[in-house]
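Participant: Would you be able to build a 3D model of this:
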Amino acid sequence: SLRQSTDDIALLGYESLAQEISKIKDIKRIYIGTSSGTTAQALAQYFINNKNKIEVNIIQTSSCHFMVNEITEDIPKNEISVADAIVDQTVIRKEKVIELIKQTGGKGYIATNEEINNAIVLVKNNTGLDISTNSALSIVGLMKDSYTRDLTGISVCIICGD
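Facilitator: All right, here's what the predicted structure looks like:
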């Protein structure tokens, strides 16, 4: 029963990542593909506790968006997502994650398969990197955010494995 989605000790494991991100000069926001919300909760809590004014934005898929649908009205048609690691339906961390996202000034986005595939191509064409469908979620969040506002300062996208 040791699952990061239910075990708060898992939050401690992200402290070094939060410290590293906090050292980036002029960082304003971070985008995280989110299933259980553990990463987002840990980073947001660290930033708030250390008075780092960094927005935490979460991105879920069009087939699993139990957290994001609480903070967005932009809900696309339901489809089986190509980003298959976003599966948490218990959303045990939902209330806490939503509270922290709001405290940081962050937002939530839902990524469609088309947006995920476009993000993969964009990254490949501009960096030469091959990223997974799950990693592409953070890129989709940044892309969607850039359509609605001027993003001055540094934005960080969490790129992870499958």
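Participant: helices or strands up against the helix or strand hosting Lys28?
Facilitator: Under the criterion of DSSP states H and E, Lys28 resides in strand 27-33. Counting contacts by 3 or more C-beta pairs under 8 Å, 6 or more residues apart in numbering; DSSP states H and E, strand 27-33 packs against helix 38-49, strand 55-61, helix 136-148, strand 154-157. Heads up, the C-betas are built off the backbone N, CA and C, glycines and all.
Participant: try it again with 10 Å
Facilitator: With contacts taken as 3 or more C-beta pairs under 10 Å, 6 or more residues apart in numbering; DSSP states H and E, strand 27-33 sits against helix 15-22, helix 38-49, strand 55-61, helix 94-104, strand 108-111, helix 136-148, strand 154-157.
Participant: List the buried residues for the helix or strand of the chain with the lowest mean pLDDT?
Facilitator: When the helices and strands of the chain are scored by mean pLDDT, DSSP states H and E, helix 9-12 comes last with a mean of 77. For helix 9-12, a neighbour-count test (16 or more other C-beta atoms under 10 Å) marks 10-11 as buried.
Participant: With just CA atoms, put it into PDB.
Facilitator: C-alpha atoms of helix 9-12 as PDB (Å, rounded to 0.1, in the frame of the first residue of the first chain):
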ATOM      1  CA  ILE A   9       6.100  10.700   2.800                       C
ATOM      2  CA  ALA A  10       6.300  10.800  -1.000                       C
ATOM      3  CA  LEU A  11       5.900  14.600  -0.800                       C
ATOM      4  CA  LEU A  12       9.400  14.800   0.800                       C
END
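Participant: now the spatially most central residue of the chain: how far from Thr39?
Facilitator: Taking C-alpha atoms, centre = their mean, the centroid of the chain lies closest to Ile32, which sits 1.8 Å from it. Using C-beta to C-beta, to the nearest Å, Ile32 is found at 5 Å from Thr39.
Participant: Give me the angle between the lengthiest helix in the chain and strand 55-61.
Facilitator: Criterion DSSP state H: the longest helix present in the chain is helix 113-127. Going by axes from the mean of the first three to the mean of the last three C-alpha atoms, to 10 degrees, helix 113-127 is angled at 120 degrees with respect to strand 55-61.
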